[in-house]
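> Pasted the sequence and its predicted model underneath.
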Amino acid sequence: MQYIILFALLTASVLADVQPQFYSYSPAVGSGSGTSYSLTGEGRITAVRIWETYNNFVYGIQFRYGFIWSPVVGSQTGEALEMELNDGEAIIQISGKYAHYIQSLVFVTNRGRSLHAGQPYGHSFNMYPTHSEAELRFISGRVHGALTSIGAHWAVVDSVSDTTAGN
(Lines give C-alpha, C1' and ligand atoms only; values in the text may rest on other atoms or scores of the structure.)
Protein backbone atom coordinates (compact mmCIF):
# COMPACT_ATOMS: atom_id res chain seq x y z
CA MET A 1 0.00 0.00 0.00
CA GLN A 2 2.85 2.39 0.82
CA TYR A 3 4.33 1.73 -2.63
CA ILE A 4 1.04 2.71 -4.32
CA ILE A 5 0.82 5.97 -2.36
CA LEU A 6 4.49 6.80 -3.04
CA PHE A 7 4.06 5.98 -6.73
CA ALA A 8 0.95 8.19 -6.99
CA LEU A 9 2.73 11.12 -5.32
CA LEU A 10 5.81 10.67 -7.49
CA THR A 11 3.71 10.49 -10.65
CA ALA A 12 1.81 13.64 -9.66
CA SER A 13 5.00 15.62 -9.01
CA VAL A 14 6.72 14.48 -12.22
CA LEU A 15 3.66 15.24 -14.32
CA ALA A 16 2.86 18.61 -12.73
CA ASP A 17 3.78 20.39 -15.98
CA VAL A 18 1.69 18.00 -18.12
CA GLN A 19 -1.94 18.16 -19.18
CA PRO A 20 -3.57 14.95 -17.83
CA GLN A 21 -5.44 14.10 -21.05
CA PHE A 22 -2.08 13.77 -22.83
CA TYR A 23 -0.64 11.20 -20.38
CA SER A 24 -0.45 7.50 -21.21
CA TYR A 25 1.16 4.43 -19.67
CA SER A 26 2.65 1.40 -21.42
CA PRO A 27 2.20 -1.48 -18.94
CA ALA A 28 5.29 -3.20 -17.60
CA VAL A 29 6.73 -6.25 -19.35
CA GLY A 30 9.09 -8.85 -17.89
CA SER A 31 9.03 -11.29 -15.00
CA GLY A 32 8.60 -8.55 -12.41
CA SER A 33 10.65 -10.16 -9.66
CA GLY A 34 12.65 -8.05 -7.24
CA THR A 35 12.29 -4.52 -5.93
CA SER A 36 10.16 -1.83 -7.54
CA TYR A 37 11.77 1.26 -9.05
CA SER A 38 10.73 4.51 -10.68
CA LEU A 39 13.33 6.41 -12.70
CA THR A 40 12.23 10.05 -12.71
CA GLY A 41 13.55 13.59 -12.81
CA GLU A 42 12.58 17.18 -13.52
CA GLY A 43 12.23 18.49 -17.05
CA ARG A 44 12.90 16.59 -20.24
CA ILE A 45 15.12 13.55 -20.65
CA THR A 46 18.34 14.77 -22.26
CA ALA A 47 20.42 11.55 -22.29
CA VAL A 48 20.13 7.81 -21.70
CA ARG A 49 22.81 5.46 -20.39
CA ILE A 50 22.41 1.65 -20.42
CA TRP A 51 24.76 -1.04 -19.06
CA GLU A 52 24.95 -4.37 -20.88
CA THR A 53 27.33 -7.29 -21.08
CA TYR A 54 28.26 -9.10 -24.29
CA ASN A 55 25.68 -11.76 -25.24
CA ASN A 56 23.63 -10.98 -22.15
CA PHE A 57 20.84 -8.79 -20.81
CA VAL A 58 20.43 -5.19 -19.67
CA TYR A 59 21.97 -4.71 -16.23
CA GLY A 60 21.34 -1.04 -15.50
CA ILE A 61 19.83 2.16 -16.81
CA GLN A 62 20.11 5.86 -16.06
CA PHE A 63 18.49 9.03 -17.47
CA ARG A 64 19.75 12.57 -17.49
CA TYR A 65 17.11 15.24 -16.94
CA GLY A 66 18.47 18.60 -18.02
CA PHE A 67 22.03 18.49 -16.67
CA ILE A 68 21.35 16.13 -13.74
CA TRP A 69 21.84 12.36 -13.94
CA SER A 70 19.31 10.20 -12.10
CA PRO A 71 20.40 7.39 -9.81
CA VAL A 72 21.27 4.14 -11.63
CA VAL A 73 18.56 1.48 -11.63
CA GLY A 74 20.09 -2.00 -11.59
CA SER A 75 23.86 -2.28 -11.68
CA GLN A 76 26.74 -0.71 -13.58
CA THR A 77 27.93 -4.09 -14.86
CA GLY A 78 29.44 -4.38 -18.31
CA GLU A 79 29.73 -1.76 -21.02
CA ALA A 80 27.92 1.59 -20.70
CA LEU A 81 26.16 2.71 -23.87
CA GLU A 82 25.00 6.32 -24.02
CA MET A 83 22.90 8.56 -26.25
CA GLU A 84 22.65 12.32 -25.76
CA LEU A 85 19.53 13.96 -27.12
CA ASN A 86 19.74 17.15 -29.16
CA ASP A 87 17.57 20.23 -28.57
CA GLY A 88 13.99 19.38 -29.44
CA GLU A 89 14.72 15.65 -29.54
CA ALA A 90 12.64 13.28 -27.43
CA ILE A 91 12.23 9.53 -26.89
CA ILE A 92 9.02 8.39 -28.59
CA GLN A 93 9.37 4.59 -28.55
CA ILE A 94 10.87 1.81 -26.46
CA SER A 95 11.07 -1.71 -27.81
CA GLY A 96 13.02 -4.81 -26.99
CA LYS A 97 12.89 -8.38 -25.73
CA TYR A 98 12.38 -9.94 -22.32
CA ALA A 99 12.57 -13.32 -20.61
CA HIS A 100 13.23 -13.36 -16.85
CA TYR A 101 15.30 -10.19 -17.28
CA ILE A 102 14.98 -7.40 -19.83
CA GLN A 103 17.14 -8.95 -22.56
CA SER A 104 17.35 -5.94 -24.88
CA LEU A 105 16.18 -2.33 -25.12
CA VAL A 106 15.90 0.03 -28.07
CA PHE A 107 15.14 3.70 -27.44
CA VAL A 108 13.96 5.60 -30.54
CA THR A 109 13.75 9.39 -30.84
CA ASN A 110 11.52 11.70 -32.85
CA ARG A 111 14.54 12.39 -35.07
CA GLY A 112 14.93 8.73 -36.06
CA ARG A 113 17.99 8.03 -33.91
CA SER A 114 18.14 4.97 -31.68
CA LEU A 115 20.15 3.38 -28.88
CA HIS A 116 20.36 -0.45 -28.86
CA ALA A 117 21.49 -2.45 -25.83
CA GLY A 118 21.44 -6.11 -24.82
CA GLN A 119 20.77 -9.22 -26.89
CA PRO A 120 17.53 -9.87 -28.83
CA TYR A 121 16.29 -13.01 -27.08
CA GLY A 122 12.85 -13.77 -25.65
CA HIS A 123 9.43 -12.17 -26.01
CA SER A 124 9.14 -8.94 -28.02
CA PHE A 125 7.56 -5.71 -26.79
CA ASN A 126 6.95 -2.28 -28.25
CA MET A 127 5.93 0.79 -26.23
CA TYR A 128 4.83 4.18 -27.51
CA PRO A 129 2.55 7.04 -26.38
CA THR A 130 -1.13 7.31 -27.32
CA HIS A 131 -0.82 11.04 -28.14
CA SER A 132 1.26 11.96 -31.20
CA GLU A 133 3.05 14.84 -29.43
CA ALA A 134 3.87 12.91 -26.24
CA GLU A 135 7.36 11.79 -25.21
CA LEU A 136 8.90 9.51 -22.59
CA ARG A 137 8.78 11.15 -19.16
CA PHE A 138 9.90 8.29 -16.91
CA ILE A 139 10.03 4.52 -16.52
CA SER A 140 9.07 2.19 -13.71
CA GLY A 141 9.26 -1.53 -13.06
CA ARG A 142 11.19 -4.02 -10.98
CA VAL A 143 14.84 -4.87 -10.56
CA HIS A 144 16.70 -7.87 -9.09
CA GLY A 145 20.38 -7.22 -9.76
CA ALA A 146 19.39 -6.33 -13.32
CA LEU A 147 16.09 -5.07 -14.76
CA THR A 148 13.33 -7.69 -14.56
CA SER A 149 10.52 -5.44 -15.81
CA ILE A 150 9.99 -2.06 -17.44
CA GLY A 151 6.94 0.15 -18.02
CA ALA A 152 6.88 3.53 -19.78
CA HIS A 153 5.10 6.75 -18.82
CA TRP A 154 4.42 9.20 -21.68
CA ALA A 155 3.17 12.78 -21.69
CA VAL A 156 3.07 15.99 -23.67
CA VAL A 157 5.45 18.41 -21.98
CA ASP A 158 4.42 22.03 -21.51
CA SER A 159 7.43 23.80 -23.04
CA VAL A 160 6.62 27.04 -21.15
CA SER A 161 7.28 25.36 -17.79
CA ASP A 162 10.20 23.25 -19.03
CA THR A 163 13.28 25.19 -17.88
CA THR A 164 15.82 22.51 -18.87
CA ALA A 165 15.22 22.81 -22.61
CA GLY A 166 16.12 26.48 -22.71
CA ASN A 167 12.64 27.52 -23.88
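Perfect, I can see it now.

> Might you report the residue contacts of residue 115?
Residue 115 makes contacts with 48, 50, 81-83, 105-107, as judged by Cβ atoms under 8 Å, 6 or more residues apart in numbering. Where you see a C-beta, it was placed from the backbone N, CA and C, and this is true even at glycine.

> The same query, at a cut-off of 6 Å, please.
48, 83, 107 (Cβ atoms under 6 Å, 6 or more residues apart in numbering).

> Please produce a markdown table containing these, extended by pLDDT, distance to residue 120 and secondary structure.
Compiled in a markdown table, those are given as follows (pLDDT from 0 to 100; distance: Cβ to Cβ, whole Å; DSSP: H, G, I helix; E, B strand; the rest coil):
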| residue | pLDDT | distance to residue 120 | secondary structure |
| --- | --- | --- | --- |
| 48 | 98 | 18 | strand |
| 83 | 98 | 18 | strand |
| 107 | 98 | 15 | strand |
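
> Look up the closest residue to the residue nearest the centre of the chain, ignoring the ones flanking it.
Taking Cα atoms, centre = their mean, the centroid of the chain lies closest to residue 139, which sits 3.9 Å from it. Counting by Cβ to Cβ, 6 or more residues apart in numbering, residue 39 is the residue found nearest to residue 139 once chain neighbours are left out, at 5.0 Å.

> on that earlier part again, reformat the contacts of residue 115 into a markdown table and put neighbour count and distance to residue 114 next to each item.
Shown next, in a markdown table, are these (neighbours: other Cβ atoms under 10 Å; distance: Cβ to Cβ, whole Å):
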| residue | neighbour count | distance to residue 114 |
| --- | --- | --- |
| 48 | 22 | 10 |
| 83 | 17 | 8 |
| 107 | 22 | 6 |
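
> lowest average confidence, helix or strand, in this structure?
The element with the least model confidence among the helices and strands of the chain, by mean pLDDT, DSSP states H and E, is helix 2-14, at a mean of 46.

> Now the terminal residues of stretch 110-119, how far apart.
End-to-end distance of stretch 110-119 (Cα to Cα, to the nearest Å): 24 Å.

> mind listing what's buried in it?
Of the residues in stretch 110-119, those with enough neighbours to count as buried (16 or more other Cβ atoms under 10 Å) are 115-118.

> taking the mean pLDDT, what do you get for stretch 51-65?
Summarised as a single mean, pLDDT over stretch 51-65 is 93.

> before we move on, the earlier item: where does the residue nearest to the centre of the chain fall, secondary structure wise?
Assigned by DSSP states H and E, residue 139 belongs to strand 135-144.

> Would you mind checking the average pLDDT for the helix or strand following that strand?
The first helix or strand that comes after strand 135-144 along the chain, using DSSP H and E, is strand 146-155. Mean pLDDT, computed over strand 146-155, is 97.
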